[in-house]
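> give me the fold of what follows.
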Amino acid sequence: QDFLEYFCEEKNREIRRSKKRRRTSEEGAASSLTRGTIISVHGRTFPVDVFYVREPVADYVKSSVDTALHILRDGKSDLAVGDVLSFLPSSENVDSCVSLARQQLGKHDDVEVLPLYGSLPRSAQAKIFDRRQGKRRRRIIFSTNMAETSLTIDSIGFVVDSGYAKMPFFDPASGTSQLTTCPIAADAAAQRAGRAGRCGPGRCYRLYTEK
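The predicted structure is shown next:
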């Protein structure tokens with residue numbers, strides 16, 4: 001089934017600065033998505049078209065992989081070009097997505113799947129910025145939120161946003177801080193979407209509902 005059939009257009013809808021979103025585990029990765037407004041993110045040259053899932057997804061790791069692969073396989077995505085950047089909360093999530101995507105791609109040598117997170121060796125991080133000679137392969141980059149503001153990857157045309165990040169929270173009972181997976185705020189979502197508008201008109205697929 002054509003990937004675009006999972007989407008419908010909703011014009012003249014504002015992207016509201018909502019509170020942090022929480023999602024349930026009721027629907028699978030095949031949930032329909034809706035198209036939101038075209039937004040202009042501050043400091044970006046090109047507009048980014050934002051899409052939302054119609055229903056909450058059950059597994060954002062699997063949905064991130066499925067969405068990224070559908071983007072590259074969809075021959076009708078002529079409004080945006082470039083690589084895919086997918087945001088996930090943790091390095092464990094990133095590694096799971098990389099493994100699953102490579103497994104599904106098999107021996108397809110026209111797509112390169114790469115991880116990106118802070119504890120990754122510098123040599124591995126450097127591959128993100130490697131301008132390969134000869135045949136240019138399209139890439140799927142699975143990343144933690146370090147790609148929100150710390151790094152700029154000019155080749156990105158698509159963003160897949162899980163809507164989650166690891167955030168430090170203070171535990172008064174133990175007197176220590178710990179990292180907890182939680183929904184991202186509206187400004188972080190805007191930062192992520194803006195990463196798709198560097199090299200031309202981009203698209204951001206948010207794996208959470210608009211409301």
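> pull the contacting residues for the residue nearest the centre of the chain.
Most central in the chain under C-alpha atoms, centre = their mean is Val160, positioned 2.2 Å from the mean C-alpha point. Counting by C-beta atoms under 8 Å, 6 or more residues apart in numbering, Val160 makes contact with 64, 67-68, 71, 84-87, 204-205, 207. Heads up, the C-betas are built off the backbone N, CA and C, glycines and all.
> any low-confidence regions in this structure?
1-45, 75-80, 131-136 (pLDDT under 70).
> ranges for the helices of it?
60-73, 91-105, 122-126, 146-149, 186-194 (DSSP state H).
> among the ones you listed, which is nearest Phe169?
Closest approach to Phe169 among the helices of the chain (C-beta to C-beta): helix 186-194, 15.7 Å.
> may I see the buried residues of the closest one?
188-194 (16 or more other C-beta atoms under 10 Å).
> does anything pack onto that helix? Which helices or strands?
Other helices and strands packing on helix 186-194, by 3 or more C-beta pairs under 8 Å, 6 or more residues apart in numbering; DSSP states H and E, are strand 48-53, helix 146-149, strand 156-161, strand 202-206.
> tabulate those (JSON lines), appending distance to Ile184.
Output for these, formatted as JSON lines (distance: least, C-beta to C-beta, whole Å):
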{"stretch": "strand 48-53", "distance to Ile184": "14"}
{"stretch": "helix 146-149", "distance to Ile184": "9"}
{"stretch": "strand 156-161", "distance to Ile184": "8"}
{"stretch": "strand 202-206", "distance to Ile184": "10"}
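> Gly118 is nearest to which of the ones you listed?
Per C-beta to C-beta, nearest to Gly118 of these: helix 146-149, 5.4 Å.
> hmm, who's touching that closest one?
By C-beta under 8 Å, 6+ apart, helix 146-149 touches 85, 87, 116-118, 141, 153, 188, 191-192, 195.
> switch the helices of the chain over to a markdown table; also include distance to Phe46.
Listed next are those as a markdown table, based on distance: least, C-beta to C-beta, whole Å:
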| stretch | distance to Phe46 |
| --- | --- |
| helix 60-73 | 17 |
| helix 91-105 | 26 |
| helix 122-126 | 26 |
| helix 146-149 | 18 |
| helix 186-194 | 10 |
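> Thr180: which of those helices is closest?
helix 91-105 (13.9 Å).
> buried residues, that closest one. List them.
91, 93-94, 96-98, 100-101, 105.
> for that helix, list the C-alpha coordinates in PDB.
Only the C-alpha atoms of helix 91-105 are listed here, as PDB (Å, rounded to 0.1, in the frame of the first residue of the first chain):
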ATOM      1  CA  SER A  91      21.200   5.200  22.800                       C
ATOM      2  CA  GLU A  92      19.600   1.800  23.500                       C
ATOM      3  CA  ASN A  93      16.600   2.900  21.400                       C
ATOM      4  CA  VAL A  94      19.000   4.200  18.700                       C
ATOM      5  CA  ASP A  95      20.900   0.900  18.500                       C
ATOM      6  CA  SER A  96      17.600  -1.100  18.400                       C
ATOM      7  CA  CYS A  97      16.400   1.000  15.500                       C
ATOM      8  CA  VAL A  98      19.700   0.700  13.600                       C
ATOM      9  CA  SER A  99      19.700  -3.100  14.000                       C
ATOM     10  CA  LEU A 100      16.000  -3.400  13.000                       C
ATOM     11  CA  ALA A 101      16.400  -1.100  10.000                       C
ATOM     12  CA  ARG A 102      19.500  -2.900   8.700                       C
ATOM     13  CA  GLN A 103      17.700  -6.300   9.200                       C
ATOM     14  CA  GLN A 104      14.800  -5.100   7.100                       C
ATOM     15  CA  LEU A 105      17.000  -3.500   4.400                       C
END
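> all good on my end, thank you.
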